[in-house]
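S.K.: compute the structure for the input listed below.
(one chain, ligands or ions: 2)
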Amino acid sequence: MIAIVKSSATEDQLQHFVRWIEGRGFSTNVSRGENETIVGIIGDTTQIDPFLLESMDIIERVQRVSEPFKKANRKFHPDDTIVDCGHGVLVGGGNFQVMAGPCSVEGMNLIQIARRVKDAGATMLRGGAYKPRTSPYAYQGMGERGLDLLLEASTELDMPIVTEVMDVRDVQLFVDKGIDVMQIGARNAQNFNLLKEVGKTDIPVLLKRGLSGTIDELLMAAEYIMSEGNEKVMLCERGIRTFETRTRNTFDVNAIPVLHYLTHLPVIADPSHATGYTRYVRPIAYAATAAGADGLEIEVHNCPSEAWSDGAQALTPDQFDDAMRRIALIREAVTAEVA
Ligand code: PEP
Ligand code: MN
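M.R.: Numbering: from 1, shown residues only. Ligands and ions are numbered 1, 2, ... in the order given. Modelled structure (predicted):
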């Protein structure tokens, strides 16, 4: 349920109202937007009489929110959320960012790739140190040493890093090391214990859509993180499993405007895992940009044929340069004021 507060209400009156609601065993989510202040009420709101609330001086109107996701719901928070990823990098609400780098951190080539993607205009460095691989015999990642290499690159280039956390037991390590953005991979999109654990931190989270996850399941995964207190969540469309076998996954371009409609959280697109083949990555990056994504996550490798994982979908630095120039042009078209 949401209560829309009259613009004439004072801060004291608002606080009094919030305490009154919380005193009845509900939790609240106050959103002070540009145009209105909204108090989201979370709990079994069937016990609340909306007419009673509407009879209060400061309440303009009350509306039930039928969707099961509350904190992630745009009705609770009409303005876009802007996530501060550190190093001055903001995502969402008109701030568009590209995170790029290798699938896996492999060693000293990381800094080489990082310099190239930064020169091309990427503002965040991605790289996996803990890798969720389908086969237990495939490369599993460098682990903590990989995080250290990412952190060294981050310091040298003054850019935030995005890296996947796979295990509840590793979350504290990521916090202690000062990782800028924790990625939750597609395979962990419904690992509710992991979602709750990252929800207890205040580190931004890049939450990927599950392999066969619906948009509502993605939003409920975000709700798990937010319900623990961490509201710095960015959603990532990375392709879903369909009957199609010509691509690794099927990129769901619909998800971008649908998510913008349903939620205030930023929406990132990952054309690399969505397609699985280098030749398709750029067209899908352009489509996602045109559809209004708040950012892109793209795999780039200095020598894709030698990559330790996902070489088949990596862009070379030169291909990434070209992509970034076109992405900038598409962003101009998407954001232009047209008379
Ligand atoms: C990745 O980003 O390298 C990755 C494993 O992504 P996903 O979880 O989307 O497959
Ligand atoms: Mn990958």
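S.K.: near ligand 1, which residues of the stretch 201-339 of the chain are found?
M.R.: Listed as neighbours of ligand 1 in the stretch 201-339 of the chain under the rule CB under 6 Å from any ligand atom: 208, 238, 273. Using the backbone N, CA and C atoms, a C-beta is placed for each residue, glycine as well.
S.K.: my guess is the last one contacts residue 236, does it?
M.R.: No: the criterion here is CB atoms under 8 Å, and residue 273 misses it with residue 236 at 9.2 Å.
S.K.: ok, which stretches of the stretch 1-150 of the chain are helices?
M.R.: Per DSSP state H, counting those that start in this stretch, the stretch 1-150 of the chain carries helices over the ranges 11-22, 50-54, 109-120, 144-157.
S.K.: and the shortest one, which residues are buried?
M.R.: Burial within helix 50-54, assessed by neighbour count using 16 or more other CB atoms under 10 Å, is assigned to residue 53.
S.K.: about what we covered before: looking at residue 273 and residue 236, which is more packed in?
M.R.: Comparing residue 273 with residue 236 by neighbour count (other CB atoms under 10 Å), the higher total belongs to residue 236, at 29 against 23.
S.K.: note down every partner strand of whichever strand or helix holds that one and its orientation.
M.R.: Taking DSSP states H and E as the criterion, residue 236 maps to strand 233-237. In the sheet, strand 233-237 lines up against strand 205-208 (parallel), strand 267-269 (parallel) (DSSP bridges).
S.K.: past that strand, which element shows up next along the chain?
M.R.: helix 255-262.
S.K.: do you know how far the closest residue to residue 301 other than its chain neighbours is from residue 308?
M.R.: Among residues not flanking residue 301 along the chain, residue 314 sits closest, at 3.8 Å (CB to CB, 6 or more residues apart in numbering). With distances taken as CB to CB, to the nearest Å, residue 314 is found 11 Å from residue 308.
S.K.: now do the buried residues in stretch 84-93.
M.R.: Going by 16+ other CB under 10 Å, stretch 84-93 has these buried residues: 85, 86, 89, 90, 91, 92.
S.K.: could you dump it to PDB, C-alpha only?
M.R.: What follows is stretch 84-93 as a C-alpha-only set of coordinates in PDB (Å, rounded to 0.1, in the frame of the first residue of the first chain):
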ATOM      1  CA  ASP A  84      26.600   5.600  -6.800                       C
ATOM      2  CA  CYS A  85      29.200   3.000  -7.700                       C
ATOM      3  CA  GLY A  86      32.200   5.000  -6.400                       C
ATOM      4  CA  HIS A  87      35.000   6.900  -8.100                       C
ATOM      5  CA  GLY A  88      32.300   9.400  -9.200                       C
ATOM      6  CA  VAL A  89      30.400   7.000 -11.300                       C
ATOM      7  CA  LEU A  90      26.600   7.200 -11.100                       C
ATOM      8  CA  VAL A  91      24.200   4.800 -12.800                       C
ATOM      9  CA  GLY A  92      20.600   5.500 -13.600                       C
ATOM     10  CA  GLY A  93      18.300   8.500 -13.900                       C
END
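S.K.: tell me, how many residues neighbour the spatially closest residue to residue 267 that is not a sequence neighbour?
M.R.: With sequence-adjacent residues excluded and distances taken as CB to CB, 6+ apart, residue 267 is closest to residue 259, at 4.8 Å. Using other CB under 10 Å, residue 259 has 26 neighbouring residues.
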